[in-house]
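>>> sequence plus the predicted model coming up.
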Protein chains: 2
Amino acid sequence: MTITRETIRHDGFESVAIFDDAASGTQPGILLFPNVLGTKEADFVYAEKVAALGYTVLVADVFGEGKRTSRSDAKPSIYMDELNADRVMMRDRVNGAHGILKRLPQVDPACTAAIGFCFGGKCVLDLARSGADIAGGVSFHGVYDAPPFPNATISAKLLLCHGWEDPIAPPQAVLDIAKELTEAGCDWQIHAYGHTGHAFTDESVNMPDKGLAYSADADHRSFRSMRDFLGDLFS
Amino acid sequence: MTITRETIRHDGFESVAIFDDAASGTQPGILLFPNVLGTKEADFVYAEKVAALGYTVLVADVFGEGKRTSRSDAKPSIYMDELNADRVMMRDRVNGAHGILKRLPQVDPACTAAIGFCFGGKCVLDLARSGADIAGGVSFHGVYDAPPFPNATISAKLLLCHGWEDPIAPPQAVLDIAKELTEAGCDWQIHAYGHTGHAFTDESVNMPDKGLAYSADADHRSFRSMRDFLGDLFS
């Protein structure tokens, strides 16, 4: 196994494909949507763990080349805010990234899925909401507010890994997304973790007083659930 | 592997131990609490699947010898109702069964857990609520109403596998049990399945109009989650 990174420039965006260069033939393709900060080393590392399971991963840039932030910036959410303010643009961006994934030579375009963290979880949901032909999607500590336009029938299976103490998605938001996904006909699961806040997969986050903190248990549990979920999709 | 059944009579109850007779030494012990009908063939079959994972299972009778019902009875819930009406007696019964499990020669008494279905899920929760020294518990389409007395600190980890359309445990009951378990200090997870009702592990149930029906997907998903959960407890 030779996990390889390859920068993919497409229409002003800069995504990164991560795959086993020693694999033969095509593999299922997984979109990985990063959090508010955009693509970064932590995403590439997570993608490498997913690629090691037998997938080709595209860490998707939906902000635009060079548009990245860090938590110490004056406004880390500047690029995310643009997309949150224009869910049509967001829908088109996530579908654009899906098109790029499907055209990677390593990917079987009939077998794709998406995963994402925080804002990236919302990207997964918006991709599924648009009726995209992904087999499934996994949201980790995602954001659940629906777009201001109707959903397509959601053909993707969805798994939402959720920290019950997440201040960005309180219990009412869980009830709302469950209702929304049920009405859209989606095969959905929510795995809720007690005593767990937002950002539980992110080792760089430790702000428990704000409800944002890494949790080794939730990271372990959600990774395994994702692994099994993807395995069911493509086995 | 030689999965064996052995009837265990104890203080007027008749439980069934299910274990690999070819295994050497002791194993972690799992209590299996049946649904409203009491111990029956379907429980023994499920227990055999759990025993095959490397556990000794006690299918626990909490009603009393001979006290079994079927769905065609005039009042299938007659014995369950007695326990629901007296949660102190219920607490003592489930703890009594736990004592029997720990004394089985095949069981390492320091490594026990409990699983249960419907009313049996409630037995799991009441055992945990009593502060029993189980490492963990798994409730499948359980019933969540709290006893009319305070919980102990819950040291057991808990996994609740839950059908979102369960008429016996609607969304408000999920919010309530999440709050209760959080306040009790419990390490808890809830796996909720969309478009899934009560009794999703029970192949004999097909009453979707009443919100009670077997679901092959939810059965598969919850069995695997239980397997992994138990594995984490005892690895």
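Thanks, I have it. Numbering: from 1, shown residues only, chains lettered A, B, ... in the order given.
>>> state the distance from the most centrally placed residue in chain A to residue A:35.
When C-alpha atoms, centre = their mean is applied to chain A, the residue found nearest the centroid is residue A:116 (1.3 Å). Per C-beta to C-beta, to the nearest Å, residue A:116 is found 8 Å from residue A:35. For glycine as for every other residue, the C-beta is placed from the backbone atoms N, C-alpha and C.
>>> now residue A:101
Distance of residue A:101 to residue A:35, computed by C-beta to C-beta: 19 Å.
>>> now do residue A:122
Taking C-beta to C-beta, one finds residue A:122 at 10 Å from residue A:35.
>>> try residue A:163
Residue A:163 is 14 Å from residue A:35, where distance means C-beta to C-beta.
>>> torsion angles phi and psi at the residue nearest to the residue nearest to the centre of chain A when sequence neighbours are not counted?
Of all residues not flanking residue A:116 in the chain, residue A:33 sits nearest, at 3.3 Å (C-beta to C-beta, 6 or more residues apart in numbering or on different chains). Torsion angles at residue A:33 (phi, psi; degrees, to the nearest 10) stand at phi -100, psi 120.
>>> what is the neighbour count of residue A:33?
Neighbour count for residue A:33, taken as other C-beta atoms under 10 Å in any protein chain shown: 32.
>>> mind telling me what element the residue nearest to the centre of chain A is part of?
Assigned by DSSP states H and E, residue A:116 falls within strand A:107-117.
>>> which helices and strands does that strand pack with?
strand A:27-33, helix A:87-103, helix A:119-129, strand A:136-140, helix A:216-234 (3 or more C-beta pairs under 8 Å, 6 or more residues apart in numbering or on different chains; DSSP states H and E).
>>> in the sheet, which residues pair with residue A:56? Tell me.
Beta-bridge partners recorded for residue A:56 (DSSP bridges): residue A:29.
>>> surely it meets residue A:18?
Yes. Counting by C-beta atoms under 8 Å, residue A:56 touches residue A:18, with 7.4 Å between them.
>>> higher neighbour count, the two?
Shown here are residue A:56 and residue A:18; by other C-beta under 10 Å, residue A:18 has more neighbours (27 against 24).
>>> what about the closest residue to residue A:66 other than its chain neighbours, is that helix, strand or coil?
Take residue A:66 and drop its neighbours on the chain: the residue closest to it by C-beta to C-beta, 6+ apart is residue A:14, 7.6 Å away. Under DSSP: H, G, I helix; E, B strand; the rest coil, the three-state class of residue A:14 is strand.
>>> just confirm residue A:14 contacts residue A:7, I think it does.
Yes. Between residue A:14 and residue A:7 there is a contact under C-beta under 8 Å: 6.3 Å.
>>> neighbour count winner among the two?
Comparing residue A:14 with residue A:7 by other C-beta under 10 Å, the one with more neighbours is residue A:14, at 18 against 11.
>>> quick one: contacts for the more buried one?
Shown in contact with residue A:14 (C-beta atoms under 8 Å, 6 or more residues apart in numbering or on different chains): A:7, A:8, A:39, A:61, A:65, A:66.
>>> identify the bridge partners of the residue nearest to the centre of chain A.
residue A:33, residue A:139.
>>> kindly state the pLDDT recorded for it?
pLDDT recorded at residue A:116 is 98.
>>> report the contact partners of it.
Per C-beta under 8 Å, 6+ apart, neighbours of residue A:116: A:31, A:32, A:33, A:34, A:122, A:123, A:124, A:137, A:138, A:139, A:140, A:142.
>>> likewise residue A:216?
Taking C-beta under 8 Å, 6+ apart as the definition, residue A:216 has no contacts.
>>> can you check the pLDDT for residue A:235?
At residue A:235, pLDDT is 86.
>>> got the contact list for the lowest-mean-pLDDT helix or strand in chain A?
One helix or strand of chain A scores below all others by mean pLDDT, DSSP states H and E: strand A:206-207, with a mean of 94. Contact with strand A:206-207 is made by A:213, A:214, as judged by C-beta under 8 Å, 6+ apart.
>>> now the helix or strand just after that strand, how far from the centre of its chain.
Per DSSP H and E, the first helix or strand lying C-terminal to strand A:206-207 is strand A:212-213. Once both centres are worked out by C-alpha atoms, centre = their mean, to the nearest Å, strand A:212-213 turns out to sit 18 Å from its chain's centre.
>>> contacts made by strand A:212-213 with the rest, please.
If you take C-beta under 8 Å, 6+ apart as the criterion, strand A:212-213 is touched by A:167, A:197, A:198, A:199, A:200, A:205, A:206, A:207.
>>> let me know how buried the third one is, in neighbour terms.
Looking back up the chat, that one is residue A:198. By other C-beta under 10 Å, 25 other residues sit near residue A:198.
>>> that one: what's it in contact with?
A:118, A:141, A:163, A:166, A:167, A:168, A:169, A:211, A:212, A:213.
>>> on that earlier part again, how about the contacts of residue A:14, which pair is most distant?
Distance extremes for the contacts of residue A:14: the farthest pair is A:8 and A:66 at 15.0 Å, using C-beta to C-beta.
>>> and these two? Which one has more around it.
Neighbour count, other C-beta under 10 Å: between residue A:8 and residue A:66, residue A:8 has more, with 18 against 9.
>>> which residues of chain A lie near chain B?
Counting by C-beta under 8 Å from any C-beta of the partner chain, chain A comes close to chain B at A:164, A:171, A:175, A:178, A:181-182, A:186-195, A:217, A:221, A:224-225, A:228.
>>> filter those down to the ones in helices?
Judged by DSSP state H, the subset of the residues of chain A next to chain B located in helices is A:171, A:175, A:178, A:181, A:182, A:217, A:221, A:224, A:225, A:228.
>>> which residue, other than its chain neighbours, is closest to the last one?
Looking back up the chat, that one is residue A:228. Closest to residue A:228 by C-beta to C-beta, 6+ apart is residue B:224, at 6.1 Å.
>>> and the fourth one, by the same measure?
If you skip the residues right next to it in sequence, residue A:181 has residue A:188 as its closest partner in space, 4.3 Å away by C-beta to C-beta, 6+ apart.
>>> what does the first one give?
Counting by C-beta to C-beta, 6+ apart, the nearest residue to residue A:171 once its immediate chain neighbours are dropped is residue B:175, at 5.4 Å.
>>> quick check: residue A:195 touching residue B:183?
No. The pair residue A:195 and residue B:183 does not pass the contact test of C-beta under 8 Å, sitting 10.8 Å apart.
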